[in-house]
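**Q** Have a look; sequence and predicted model below, questions after that.
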Protein chains: 6
Amino acid sequence: MPNRRDAQAPGRGPMRRSAGMNVPERLRELSWALPHNFLGLDEAASGFERARVVILPVPYEATISYGGGTGAGPGAILEASRYIELYDQELDAEPWQIGIATLPALHLTGAGPTAATAELRLSYDRLLDEAADRFIIMLGGEHSISSAPILAWADRLPQRRLTVLQIDAHTDLRPEYEGSPHSHASVMARVMDRVDLVAVGVRALTRAEHELAHASGSIHVFFADDIHAGDAWIDDVLSRLGEDVYISFDVDGFDPALVPSTGAPEPGGLQWYPVLKLLRRVFSERRVVAADVVELAPIPGLHAPDFLVAKLVYKLIGYRYSLVR
Amino acid sequence: MPNRRDAQAPGRGPMRRSAGMNVPERLRELSWALPHNFLGLDEAASGFERARVVILPVPYEATISYGGGTGAGPGAILEASRYIELYDQELDAEPWQIGIATLPALHLTGAGPTAATAELRLSYDRLLDEAADRFIIMLGGEHSISSAPILAWADRLPQRRLTVLQIDAHTDLRPEYEGSPHSHASVMARVMDRVDLVAVGVRALTRAEHELAHASGSIHVFFADDIHAGDAWIDDVLSRLGEDVYISFDVDGFDPALVPSTGAPEPGGLQWYPVLKLLRRVFSERRVVAADVVELAPIPGLHAPDFLVAKLVYKLIGYRYSLVR
Amino acid sequence: MPNRRDAQAPGRGPMRRSAGMNVPERLRELSWALPHNFLGLDEAASGFERARVVILPVPYEATISYGGGTGAGPGAILEASRYIELYDQELDAEPWQIGIATLPALHLTGAGPTAATAELRLSYDRLLDEAADRFIIMLGGEHSISSAPILAWADRLPQRRLTVLQIDAHTDLRPEYEGSPHSHASVMARVMDRVDLVAVGVRALTRAEHELAHASGSIHVFFADDIHAGDAWIDDVLSRLGEDVYISFDVDGFDPALVPSTGAPEPGGLQWYPVLKLLRRVFSERRVVAADVVELAPIPGLHAPDFLVAKLVYKLIGYRYSLVR
Amino acid sequence: MPNRRDAQAPGRGPMRRSAGMNVPERLRELSWALPHNFLGLDEAASGFERARVVILPVPYEATISYGGGTGAGPGAILEASRYIELYDQELDAEPWQIGIATLPALHLTGAGPTAATAELRLSYDRLLDEAADRFIIMLGGEHSISSAPILAWADRLPQRRLTVLQIDAHTDLRPEYEGSPHSHASVMARVMDRVDLVAVGVRALTRAEHELAHASGSIHVFFADDIHAGDAWIDDVLSRLGEDVYISFDVDGFDPALVPSTGAPEPGGLQWYPVLKLLRRVFSERRVVAADVVELAPIPGLHAPDFLVAKLVYKLIGYRYSLVR
Amino acid sequence: MPNRRDAQAPGRGPMRRSAGMNVPERLRELSWALPHNFLGLDEAASGFERARVVILPVPYEATISYGGGTGAGPGAILEASRYIELYDQELDAEPWQIGIATLPALHLTGAGPTAATAELRLSYDRLLDEAADRFIIMLGGEHSISSAPILAWADRLPQRRLTVLQIDAHTDLRPEYEGSPHSHASVMARVMDRVDLVAVGVRALTRAEHELAHASGSIHVFFADDIHAGDAWIDDVLSRLGEDVYISFDVDGFDPALVPSTGAPEPGGLQWYPVLKLLRRVFSERRVVAADVVELAPIPGLHAPDFLVAKLVYKLIGYRYSLVR
Amino acid sequence: MPNRRDAQAPGRGPMRRSAGMNVPERLRELSWALPHNFLGLDEAASGFERARVVILPVPYEATISYGGGTGAGPGAILEASRYIELYDQELDAEPWQIGIATLPALHLTGAGPTAATAELRLSYDRLLDEAADRFIIMLGGEHSISSAPILAWADRLPQRRLTVLQIDAHTDLRPEYEGSPHSHASVMARVMDRVDLVAVGVRALTRAEHELAHASGSIHVFFADDIHAGDAWIDDVLSRLGEDVYISFDVDGFDPALVPSTGAPEPGGLQWYPVLKLLRRVFSERRVVAADVVELAPIPGLHAPDFLVAKLVYKLIGYRYSLVR
């Protein structure tokens, strides 16, 4: 749980600078609220230069299905994150110490999914140029935004084929959807020629998607009902992952009891601890180059799912920096 | 996930006719939204003549407990169903192809439960006359509506005693409730002389109900906490079912984490996959004559439970037509 | 208030046909709920052939501002309309008798505003070809959809310049917005070369919009605060209208106390009776060729604004057919 | 605004007795919350014996229209009333001092409207026998409950014909509705032979209702749009009232901007101050025998309308005891 | 499920007395609603004198975190409790028969947490003096209220050290929080010198709290993820409990899928049946002196979590009186 | 309506710096969302040094009445403000150009109202020292926070007695409330010895408050119902104001139809245009030294009231800088 800024609180200390302005010296020591960045970190802990992690909010919402509202996702995650305990007892670590910079939200053009995807690609490339070896976590917004960073990473890893580990209720392999090839339901079709796909938690797809995944040598689907049978599936998943992994986490992969706040809440989804176990293994045994967490559509008045997703993001950061030697 | 109508989409193709009117030829090929029937099926797939399944919405709500709102249940199920994937990967089938006709909502009299039950019985009998060998799934509405179809079926199966498989948090065996013998809390008391009852998922009942069930040779109650102990209970349940089974599914049988949208959300309910496993067995090994799904009281803004219930209905259809030889 | 279908209720009588299917003869006389068309009219009253009014729902939502949710607007209006009294006591008439056909929702492409606007234009032209002299009321969806019908009508009235009577809190005259020239905030900029504009109820605009309106001879803006001063403004508005008028009604023209369910609820808006008075005069003294009602973004659980908008639509129909000789 | 009980606060002083039990002496002086009766009055101020006013909650809801939820109305009014200031500055009085007893909620049978109406009549008669000259305000619940008290009063005033002053958006004069003659839409048809009716604020009715009111010599309808034209209508209303008046206040008489929390929120309704002005005159110049306030259907999370209705009830009490000599 | 009062319903029979008043004899037999005490018990079953259980609602909310709203917790629990079945089938008992008195809500001063804690301590001591050997269950309200009863009990058990069994997502061991030593996040730091602490279900804490618990010999923390591994943890927990146990149940100990209605809904919490199993053992094998259930922050419109917490309270009562010889 | 940052948009141009960090040069020109300060202004327009206006959010909530939730007020106002048009057509001005700095939220101690008030006083004094001649608008939070700035200003204006213009439904003159002298219901009692009070829009108060106001020569109360009678009241109000005015605006002064989102939504409140008219006169004819806007308690999902309040704040700024010569 957060607190007001406090000279004694590491990571949530006194204010030096507020949104876009230098704060006069004598006002800095007042008991200001935590800033609206991921975890509510102070300037030292969230400055871009020093940070090893960059949070990129992309509240893009264009090809709405049932529900909608993913445009409010990143804001809800950031808000919730300010109430997360900085200490991670599973890891006995304070992962924030690595430095976590939160960029402002990237506001993509309303000229349609194709234009928006292109704009995001350009912005992500620019960010990659600057962020160099930082770990970028993109917060959606709808799943359609994942193709830009995945392809950007595929281009930067010419020697080795990137694997996308996709946690998702759907395969998102439609050739197009709602009249657009850049829809959330077709995002993985946009990247499947360039990367290997390992989809985990799937429980709704078309026959065509099923056949496509089956026929392809580079797509592996782990259905949610198989996962419920035991733990061996984690070894299976690992065995399908290449050395370099991009994690694309659609929160509808979780069971709707945990995250009802999403457009297509398919019953029978993943539980909290199994997901953590999988991620822990992946970060320990592979090189995760970047990640995104998408499709949270916050329900006004129901903040538990936002909290869960914020904690998931912090676990990603914790695993990334605690488990790798 | 649905899409607009599309000449290429089997089951969700071009419009021929809209609610109560012939649409001019030249307007048919526009990109209309899916119709508001179960699954948003096109005319070919949802015409009454060809359909093997009939959905009968009965948004009746009269004897309200805590919560209320079941009158909005059928509408919410139909709306959610339009976003369900037509392909069922568990069955590797497209159960919609059997044809699913959705009737308009039956609007029962407001003159009280007794009159409403009588009116429903009349209507259901009329429907049975017409629907012949079709599989009718009634969507409630409160549980009180189940007695009419159950008794209609009992009358049509004079040689063999019908078993009602009741998924429910309660036994609904009170002699009367809220001043009426036709309440949702007494619906099974209305039919117990004519059918065998197998109640699954029960976790709240009166002492009198408990004793009645115990004393009776034709009522078997499977408590929810026993079910949580393992899988052998499915064999037990099956062993109690006669050859002909009517399924009456009160959605409060599910755990409230999955379906909080119901009047009496008793904790400790059934989970998604165990319920599917049970139903799959029942449809494989017995003749299910008809079914109802009742007591969904949608919460504005929270559509995940509606989605789950819509998917449950589609699983009933899938099991009915894929598993029977 | 509605009732179930009833042989005695003119306009809401027995069912002949349900969504996309012929209902068996013997099932027709059951007490079915009203259909989900505007007012819940029966087949005789809502058939396309005989109807003098056509309702075209276009739940398009692409360039979201604060709030969002206009995609659910048409559905909420139709639902609310079923509870509207068919008799209009102001007019001492039953305007439904003229026949009101409700088309299914038109589902525009997700490929971006430009493509969607083009698709709508095509569809509207097709509808105009078919609907001939019927009065078409388009239900939005966001305001960006208005340019297509306005330009379609401008093309069909080559001899006389069409006036658009725009009820709105904003002028919507931006050259572009959110990266698109076809945004809801720029819809009137798309048509201003082809039609005269009379905007009523405006209370938020950019300096550039203000100057553009000022400089132009064909744009007249009536600010909401002037309107609050008295009634003479109605004469003024009338004096600016040409013979042929298209009404584009953005529901944010109303005061947010009446319609909080909209994206940009500017305080100080129009009240119910003054709006009716204005519309009554316009229909009496001009030829209204068509209309749209847009930007309702329903709030789950708050149905009063939906009801108001549905009644507004019915008043448009009533004025159109009762006031014209 | 309320406060905890306090020896110094007249009307909201120390506890003697709690719901159904005698509280031990030494516990009485703790800082207990206000009780859940109207205004949160202490035992001295709310005891039945001394009280001149009796509040009778009847959360009956049976013939649901659009919305529903009136069953929660009385509870919401009582809860809101606890935050009302006891001093009435308009009257420079503390009307609570007259004593206001709040009965528990009367829970009518679920066996249908006819049975429920009969049960209520019996209960109301019993209450009249006991309450003698107390002023009874019944809180609904749906409007159907008004016929019982009206007819009870008509029976007790054999020499003079009672007038019902009905504040309402509708006339409620249908012969039946939803299959029942005891529906909220037909409540005034049930009493019109026995009393004179003066309906104020009407803005939705059937042609048949209009004609019935017109033809009858004992029904006068004041339409809401006439009322908006000025103040002379109050004289008109008064001139139609007999000496003895029963006030039946359907909260949908108010404009939906004030009370959106009702089943059929017709736009163009009454404002707060004109209603008070009318009521003040009525209480000053006539003998009001009893009243009811019905059809509040609280919206979860939106308490302003509940507060308004609670204050309306307190104004009724204030006018009743301050204005009569 | 509840019913109206009924001469035949044991525990929910006819009314003798209503909130703060004697009801006239002839009105008692009307069909009144159940009273707003725990379970809606009648006077015989809920009178203070005879009751073995006392429910003390303390809707205190002062040091708000993310969410807030715990002040509405006790009211929601009481409301929900009225719909709970009186018969407990797990225990084959009717625990209400022991008598359950519900006090009015204790309204603590707004002068700050220190003053409020002192006031509560005084009130609780007074209650202990009166209640003698009754089993007191305090309903929060935020967790900060637990220190007063815990210390009151510690003082009354001078010979034996009391153990606090704390079900909680957090350890609440901060020295202070939000500027106050009497915050919900520091409540256990206030008592740890006087009692042994056994915290179960913890999954968020600071490093300092972790170290404090580790270093202390009298604090044992059972992390939620360990609990998910099996059942042996119950023996472990039991082994840490002294003979006298006070149960402090923070509902955020439950998984947020079950109880999202709390301020800091940490994912990965406890499930329903394991919690019952633990409690059953504790009540069987130890002397539970008193309990509290805190931190429910009801979400308007979502009553399932309120229902679960009400049932938890009833299970506490059932275990207390059925399992002890 | 806002837009993404754009080199061409004055006031909402490219990003230089983000929350607490310098953004790398090459990332600045991406299409970032507007920052979360008042109006979403860019660095040039919102830097502290240059700004003539300072927004101070104080989300303090301690002495909760009915409703609660004012702690979320400042955040909701800032969020809504980003969608406000920068151009003010009433004033034909762009008031933002004066520079508006938004400070982070001040997080007051949870140790109780007295400590919190003291802490706020200290912080406000510090801010006054720094802000010199800037116009400070404090955003609440509950009304209790107003005493600190009022007394700070009274101390700084020793020669002339400050007038507080209080727009409010209540007088807030109780000696104490909920056990604290620093409650929202007693805030004006805390300052009345030091300043003149002019309360406008009052419609609920205790008899003691009424008498206190009457007896005092330095308190004038304008009741809401008088205001509804015409416009002369503005002259009256002006005549009571001294030369130096502090505006304390409790949003419950507005009618609940406009702002239901507040703790005690008294019916019969002020309308939008009359309030603007009053404020315009005050700013033209007096020296307004500072202001606060308090008691907004946002309702999740209902953003219209937040928008109105944000616009009110912008009108205060506009009047302050456009009307003063």
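**A** Looks like it came in fine. Residues are numbered from 1 along each chain as shown, chains lettered A, B, ... in the order given.
**Q** Need the three-state assignment for residue A:292.
**A** strand (DSSP: H, G, I helix; E, B strand; the rest coil).
**Q** and residue A:287, backbone torsions?
**A** phi -100, psi 110 (degrees, to the nearest 10).
**Q** Report the separation between the closest residue to it other than its chain neighbours and chain F.
**A** Using CB to CB, 6 or more residues apart in numbering or on different chains and skipping the chain neighbours, the partner closest in space to residue A:287 is residue A:244 (5.3 Å). In short, each C-beta sits where N, CA and C put it, glycine included. Remark: distance between residue A:244 and chain F (CB to the nearest CB, to the nearest Å) = 25 Å.
**Q** What's the per-residue pLDDT of residue A:244 here?
**A** In this model, residue A:244 is scored at 97, pLDDT.
**Q** do the same with residue A:190
**A** Per-residue pLDDT puts residue A:190 at 95.
**Q** ok, it to chain F distance?
**A** 21 Å.
**Q** repeat for residue A:209
**A** For residue A:209, the distance to chain F - CB to the nearest CB - is 33 Å.
**Q** From the chain's centroid, how far away is the helix or strand hosting that residue?
**A** In the assignment (DSSP states H and E), residue A:209 maps to helix A:207-215. Offset of helix A:207-215 from its chain centre (CA atoms, centre = their mean, to the nearest Å): 26 Å.
**Q** Mind giving me the packing neighbours of the helix or strand that comes right after that helix?
**A** Moving toward the C-terminus from helix A:207-215, the next helix or strand (DSSP H and E) is strand A:219-223. Here strand A:219-223 touches strand A:196-202, helix A:207-215, helix A:232-240, going by 3 or more CB pairs under 8 Å, 6 or more residues apart in numbering or on different chains; DSSP states H and E.
**Q** and of those, who's closest to residue A:167?
**A** Ranking the helices and strands packed on strand A:219-223 by their distance to residue A:167 (criterion: CB to CB) puts strand A:196-202 first, at 5.3 Å.
**Q** What are the buried residues along the closest one?
**A** Within strand A:196-202, the residues that count as buried by 16 or more other CB atoms under 10 Å in any protein chain shown are A:196, A:197, A:198, A:199, A:200, A:201, A:202.
**Q** got it, and stretch A:147-164?
**A** For stretch A:147-164, by 16+ other CB under 10 Å, it's A:147, A:148, A:149, A:150, A:151, A:152, A:153, A:154, A:157, A:162, A:163, A:164.
**Q** what's the closest of the buried residues of strand A:196-202 to chain E?
**A** residue A:201 (15.9 Å; CB to the nearest CB).
**Q** I'd assumed residue A:270 was in contact with the closest one.
**A** Yes - under the criterion of CB atoms under 8 Å, residue A:201 makes contact with residue A:270 at 4.7 Å.
**Q** Nearest to chain C: which residue in chain A?
**A** Closest point on chain A to chain C, by CB to the nearest CB, is residue A:112, at 1.8 Å.
**Q** quick one on the thing from earlier: which members of the buried residues of strand A:196-202 are the farthest-apart pair?
**A** The widest separation within the buried residues of strand A:196-202 (CB to CB) is 17.2 Å, between A:196 and A:201.
**Q** related to what we said a few turns ago, the residue nearest to residue A:287: neighbour count?
**A** Using other CB atoms under 10 Å in any protein chain shown, residue A:244 has 21 other residues around it.
**Q** Repeat that for residue A:28.
**A** Number of residues near residue A:28 (other CB under 10 Å) recorded here: 15.
**Q** thinking residue A:218 is in contact with residue A:197, fair?
**A** Yes - using CB under 8 Å, residue A:218 makes contact with residue A:197 at a distance of 6.5 Å.
**Q** ok so, going back, and the helix holding residue A:209, average pLDDT?
**A** Helix A:207-215 shows a mean pLDDT of 96.
**Q** can I get the CA coordinates of it in CSV?
**A** In CSV, the C-alpha atoms belonging to helix A:207-215 read as follows (Å, rounded to 0.1, in the frame of the first residue of the first chain):
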residue,chain,number,x,y,z
ARG,A,207,-11.9,-23.8,-37.2
ALA,A,208,-9.7,-22.0,-39.7
GLU,A,209,-7.5,-20.8,-36.9
HIS,A,210,-7.3,-24.2,-35.5
GLU,A,211,-6.3,-25.7,-38.8
LEU,A,212,-3.8,-23.0,-39.5
ALA,A,213,-2.1,-23.6,-36.1
HIS,A,214,-2.2,-27.3,-36.7
ALA,A,215,-0.7,-27.1,-40.2
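**Q** How about residues contacting that helix?
**A** Contacts of helix A:207-215 with the rest of the structure, by CB atoms under 8 Å, 6 or more residues apart in numbering or on different chains, involve A:171, A:173-174, A:197, A:199, A:205, A:219-221, B:87, B:89, B:92, B:94.
**Q** quick one, it and strand A:219-223 angle?
**A** Angle of helix A:207-215 versus strand A:219-223, following axes from the mean of the first three to the mean of the last three CA atoms, to 10 degrees, is 120 degrees.
**Q** and the angle from helix A:207-215 to strand A:196-202?
**A** 130 degrees.
**Q** helices and strands around whichever strand or helix holds residue A:153, which ones?
**A** Following DSSP H and E, one finds residue A:153 within helix A:147-156. Counting by 3+ CB pairs under 8 Å, 6+ apart, the packing neighbours recorded for helix A:147-156 are helix A:113-131, strand A:244-250, strand A:287-294.
**Q** Now find how far off-centre the shortest one is within its chain.
**A** To tie it back to what came earlier, the one meant is strand A:244-250. Here the centre of strand A:244-250 is set off from its chain's centre by 8 Å, with CA atoms, centre = their mean.
**Q** coming back round to it: report the two of the buried residues of stretch A:147-164 separated the most.
**A** Farthest pair in those, by CB to CB: A:148 and A:163, 17.6 Å.
**Q** sorry, back to before: ranking the helices and strands packed on helix A:147-156 by burial, who's on top?
**A** Each of these was scored by mean neighbour count; the highest is strand A:244-250, a mean of 25, by mean count of other CB atoms under 10 Å in any protein chain shown.
**Q** If you average the pLDDT over stretch A:254-273, what comes out?
**A** For stretch A:254-273, the mean per-residue pLDDT is 96.
**Q** picking that back up, burial of the residue of chain A closest to chain C, as a residue count?
**A** Neighbour count of residue A:112, defined by other CB under 10 Å: 25.
**Q** and what of residue A:43?
**A** Neighbours of residue A:43 under the rule other CB under 10 Å: 19.
**Q** wait, it sits on residue A:11?
**A** No - the criterion here is CB under 8 Å, and residue A:43 misses it with residue A:11 at 10.7 Å.
**Q** residues in chain A within reach of chain C, list them.
**A** By the rule CB under 8 Å from any CB of the partner chain, the part of chain A lying against chain C is A:61-64, A:68-69, A:71, A:108-115, A:177-180, A:183.
**Q** Cross-check the residues you listed against chain F and keep the overlap.
**A** Under the cut-off given by CB under 8 Å from any CB, chain F has A:108, A:109 from those close to it.
**Q** And for residue A:277, the neighbour number?
**A** Counted with other CB under 10 Å, the neighbours of residue A:277 add up to 13.
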